[in-house]
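1. Mind looking at a prediction? Sequence and model below.
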Amino acid sequence: MKADRAVMTRWLVVDLLVVLYALIPVLWIASLSFKHPSTFTDGSFVPRRWTLENYTGIFDNPDFTRGLINSIGIGLIATLIAIVLGTMAAYAIARLDFPGKNALVGASLLVAMFPQISLVSPLFQIERALGLFDTWPGLIIPYITFALPLTIFTLSSFLREIPWELEQAAKMDGATPFQAFRQVIAPLAMPGMVTTAILTFIFCWNDFLFAISLTSSDRARTAPATISFFTGSTQFEDPAGSIAAAAVVVTVPIIVFVLFFQRRIVSGLTSGAVKG
Amino acid sequence: MITRAPARHARRRISEEKAAQRRLALWLCAPAALVMLLVTGWPILYAVLLSLQRYDLRFPGERAWVGLDNYAAVLTDPFWWNAFWVTVVITVVSVAIELVLGMLLALAMYRTLVGRGAIRTLVLIPYGIVTVVAAYGWRYAWTPETGWLAEALPAGSAPLTEKVPGLAIIILAEVWKTTPFMALLLMAGLALVPDDLLKAAAMDGASAWQRFWHVTLPLMRPAILVALLFRTLDAFRIFDNIYVLTGGAADTGSVSLIAYRNLIGGLNLGIGSTMSVLVFLTVAAISFLFIRAFGISAPGTQGERR
């Protein structure tokens, strides 16, 4: 019994270290966002004077609210398209036998490892020529491309796990192929698609390089890019308070996703990357 | 004679089925393949074309074909080589730290007896948080006067304005953000190690360290190599953290950062594209080395064997 308690205590300490590791930088930026401007430079981890001024400030800032709308819209559209195209390809990879399957898997692996910066110069020029520069599609298209390998890997490993004999059985029982798919297979595939959608959305939400290179105004600039362009309301004001508050606003939805779908995110990430 | 005809008939039906399957697969895969090809293949070819031209958007009249002049200019430029070695150092150091730290984290998450679910959830937070946001957190933490970490430093020091401390903080930010990802991949590898084998080794008198070194690690080899490859290529693209933390000041810029600056700041398409192509070639060389040296097969291609 005593030994057990010692083991438990040891794990408790280890867990505590892990929790501190994961949370301290996040708590710090949250603390900064609640600090009253007069206490901003006290270097204290916990605010000495609390305020919500920073939050009201950024929501009054049309650039930031516009950036949030852009982030949500661009992220959702890119995720939706990537999931549709990715599911089609993943289904073919998991279920059908066809020449070029390995080539497709290999090619999407190459895309997953593609250095984004290598696309910035040509895309900058191509999008300016096509009139896509500084528009929603101008960001959505590259996001879809980089999200596709993720969706293809994750979904094909999910789809492979589905017992497809069920489909056969449903057809035997008189279901049409579409009915069999909709009522038997689709519900089984849904968790995988939700997981993949979350991972894709996190990826789009997180992007910074394309967001600052392929936009020039608040028409399509996403929230992370907007934050980096924050200036204080006067030249001498440090925008740190606004940046911290905006940072928290941008982080909250992702943390909510992560807390809700934790188990699925873990399995999605690991099956997509390791088992393939 | 009687049995042959149906057999031939059956064979034809099978091959028809196969052809139908192929057609379906083609239609299902075409959109995804087309998007990936059009948005990566074509631009990279276009980048090669641009890199062979003198093409500065500020002086569009001077556009001309210059052959490999841009490559000569970049490859003899000390700024490029500084950025190159900075990127290499950041990649090697951060991936090495992440591997060790990630393994510890993976073991803790895998074996812990206290609050396993909660720990596995919390560890995902650094993965989910926007890199730019985390980078601002670190920047303010290390800025004198605002930061709680800067307080711990001797008065008057401003680590983000000096090269070595600046790089150390960039690596810290990178490691914090991506170690959980490494840990998750390694945890998936740990799950592949059968418990019976570890028990048998323990029976034979192997110590915990010996079990880890001689049983766990070799069985995890594929997972470790894939994680290393992914993280190495990912670290080589480092941009967000440097942009926010130092902005490339004091020679801390990575290849991605100086390519970006040449393009967006300088509007120099020729030089910017040359750097784009060079980064692409470097990344291709790294993946080639990994696949050759460690014999990593592309994830997914071994699907049939399972």
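-> That came in fine, so what should we check first?

2. so B:G205 is in which element?
-> B:G205 is part of no helix or strand when elements are defined by DSSP states H and E.

3. can you pull the pLDDT of it?
-> Predicted confidence (pLDDT) for B:G205: 88.

4. same thing with B:Q53?
-> On pLDDT, B:Q53 comes in at 91.

5. Next up, the contacts around the residue nearest to the spatial centre of chain B.
-> Centroid check for chain B by CA atoms, centre = their mean gives B:D234 as the closest residue, at 1.6 Å. The contact partners of B:D234, taken as CB atoms under 8 Å, 6 or more residues apart in numbering or on different chains, are B:T178. The way it works is simple: take the backbone N, C-alpha and C, and place the C-beta from them, glycine included.

6. how about the strands of chain B, start to end?
-> Ranges of strands in chain B, per DSSP state E, are B:53-54, B:64-65.

7. quick one: the last one to chain centroid distance?
-> A distance of 35 Å separates the C-alpha centroid of strand B:64-65 from that of its chain, computed with CA atoms, centre = their mean, to the nearest Å.

8. Repeat that for stretch A:117-129.
-> With CA atoms, centre = their mean, you get 23 Å for stretch A:117-129.

9. mind listing what's buried in it?
-> Buried residues in stretch A:117-129, counted by 16 or more other CB atoms under 10 Å in any protein chain shown: A:I117, A:S118, A:L119, A:V120, A:S121, A:P122, A:L123, A:F124, A:Q125, A:I126, A:E127.

10. Which ones, among those residues, also lie beside chain B?
-> With the criterion set as CB under 8 Å from any CB of the partner chain, the members of the buried residues of stretch A:117-129 near chain B are A:I117, A:S118, A:L119, A:V120, A:S121, A:P122, A:L123, A:F124, A:Q125, A:I126.

11. Could I get the phi/psi values of B:L113?
-> When quoted as degrees, to the nearest 10, the phi and psi of B:L113 stand at phi -100, psi -10.

12. Next, the contact list for it, please.
-> A:V7, A:M8, A:W11.

13. Let me know the closest of those residues to chain B.
-> A:W11 (4.6 Å; CB to the nearest CB).

14. what about the closest one, how many residues close to it?
-> Using other CB atoms under 10 Å in any protein chain shown, A:W11 has 18 other residues around it.

15. picking up where we left off before, relative to A:A246, how far out is the residue nearest to the centre of chain B?
-> 25 Å (CB to CB, to the nearest Å).

16. Repeat that for A:T41.
-> From A:T41 to A:A246 the distance is 20 Å (CB to CB).

17. Which one's more surrounded, these two?
-> A:A246 (30 against 15).

18. just the helices in the stretch 1-150 of chain A please.
-> Secondary structure of the stretch 1-150 of chain A (DSSP state H, counting those that start in this stretch): helices at A:2-33, A:53-60, A:62-95, A:101-112, A:117-130, A:136-161.

19. what do you get for the stretch 51-200 of chain B?
-> B:69-75, B:78-111, B:116-122, B:124-128, B:131-142, B:163-190, B:195-203.

20. can I get the ones you listed in JSON lines with mean neighbour count and distance to B:R54?
-> Formatted as JSON lines, these follow (neighbours: other CB atoms under 10 Å in any protein chain shown; distance: least, CB to CB, whole Å):
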{"stretch": "helix B:69-75", "mean neighbour count": "17", "distance to B:R54": "7"}
{"stretch": "helix B:78-111", "mean neighbour count": "18", "distance to B:R54": "17"}
{"stretch": "helix B:116-122", "mean neighbour count": "17", "distance to B:R54": "53"}
{"stretch": "helix B:124-128", "mean neighbour count": "22", "distance to B:R54": "43"}
{"stretch": "helix B:131-142", "mean neighbour count": "25", "distance to B:R54": "34"}
{"stretch": "helix B:163-190", "mean neighbour count": "22", "distance to B:R54": "32"}
{"stretch": "helix B:195-203", "mean neighbour count": "12", "distance to B:R54": "63"}
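
21. and the residue nearest in space to the middle of chain A, what pLDDT?
-> The centroid of chain A falls nearest to A:I202 when counting by CA atoms, centre = their mean (0.5 Å). Looking at A:I202, its pLDDT reads 92.

22. what's the spacing between it and chain B?
-> 6 Å (CB to the nearest CB, to the nearest Å).

23. That residue is in contact with A:V256, isn't it?
-> No - with contact defined as CB atoms under 8 Å, A:I202 does not reach A:V256; the gap is 11.6 Å.

24. so B:L68 touches B:V48, yeah?
-> No - contact criterion CB under 8 Å: B:L68 and B:V48 do not qualify, at 11.3 Å.

25. Of those two, which one has the most company?
-> Set B:L68 next to B:V48 and count neighbours by other CB under 10 Å: B:V48 wins out with 15 against 11.

26. how far away is that one from B:L105?
-> 41 Å.

27. ok, now A:P115?
-> 27 Å.

28. which residues of the chain score low on pLDDT?
-> Just so you know, I chose chain A. Within chain A, the segments meeting pLDDT under 70 span A:1-3, A:232-238, A:271-276.

29. wrong one, chain B
-> B:1-11, B:295-306.

30. domains in chain A, as residue ranges please.
-> What the record gives for chain A is the domain set A:1-50, A:57-271, from the TED database.

31. and among the ones you listed, the most buried is which?
-> domain A:57-271 (a mean of 20; mean count of other CB atoms under 10 Å in any protein chain shown).

32. chain center to it: distance?
-> 6 Å.

33. now the domains of chain A in a markdown table, with distance to B:V39?
-> Below are those laid out as a markdown table (distance: least, CB to CB, whole Å):
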| stretch | distance to B:V39 |
| --- | --- |
| domain A:1-50 | 33 |
| domain A:57-271 | 4 |
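
34. quick one: which of those is nearest B:W42?
-> Smallest distance to B:W42 across these (CB to CB): 7.9 Å, for domain A:57-271.

35. what about the helices of the stretch 1-150 of chain A, which gets the closest to B:T252?
-> It's helix A:117-130; of those, that one is closest to B:T252 (CB to CB) at 16.3 Å.

36. Compute the inter-axis angle for the closest one and helix A:136-161.
-> 130 degrees (axes from the mean of the first three to the mean of the last three CA atoms, to 10 degrees).

37. and for helix A:117-130, what are the contacting residues?
-> Residues contacting helix A:117-130 (CB under 8 Å, 6+ apart): A:132-133, A:138, A:142, A:209-210, A:213-214, B:39-40, B:42-44, B:46-47, B:50, B:237, B:239, B:255-256, B:259-260, B:263-264, B:269, B:272-273, B:275-277, B:279-280, B:283.

38. Enumerate the residues of the stretch 151-300 of chain B near chain A.
-> Going by CB under 8 Å from any CB, the residues of the stretch 151-300 of chain B near chain A are B:151, B:176, B:180-181, B:184-185, B:187-189, B:222-223, B:226-227, B:230, B:233, B:236-237, B:239-240, B:243-244, B:255-256, B:259-260, B:263-264, B:269, B:272-273, B:275-277, B:279-280, B:283, B:287, B:298-300.

39. Now, those residues that are in helices?
-> Mapping those onto helices (DSSP state H) picks out B:176, B:180-181, B:184-185, B:187-189, B:222-223, B:226-227, B:230, B:233, B:236, B:240, B:243-244, B:255-256, B:259-260, B:269, B:272-273, B:275-277, B:279-280, B:283, B:287.

40. Spatially, what comes nearest to A:I29 if we skip its sequence neighbours?
-> B:G137 (3.9 Å; CB to CB, 6 or more residues apart in numbering or on different chains).

41. same question, B:A249
-> B:A249 sits nearest to B:T161 (CB to CB, 6+ apart), 6.5 Å away.

42. give the contact list for that neighbour.
-> B:T246, B:A249, B:A250.

43. Among those residues, which one has the most neighbours?
-> Most surrounded of those: other CB under 10 Å gives B:T246, at 24 neighbours.

44. what about it, distance to chain A?
-> To chain A, B:T246 is 13 Å away according to CB to the nearest CB.

45. show me the contacts for residue 108.
-> No chain specified, so I'll use chain A. A:A89, A:L148, A:P149, A:I152, A:F153, B:A32, B:M36.

46. ah, I was thinking of chain B
-> With CB under 8 Å, 6+ apart, B:A108 has these contacts: A:V14, A:D15, A:V18, B:I119.
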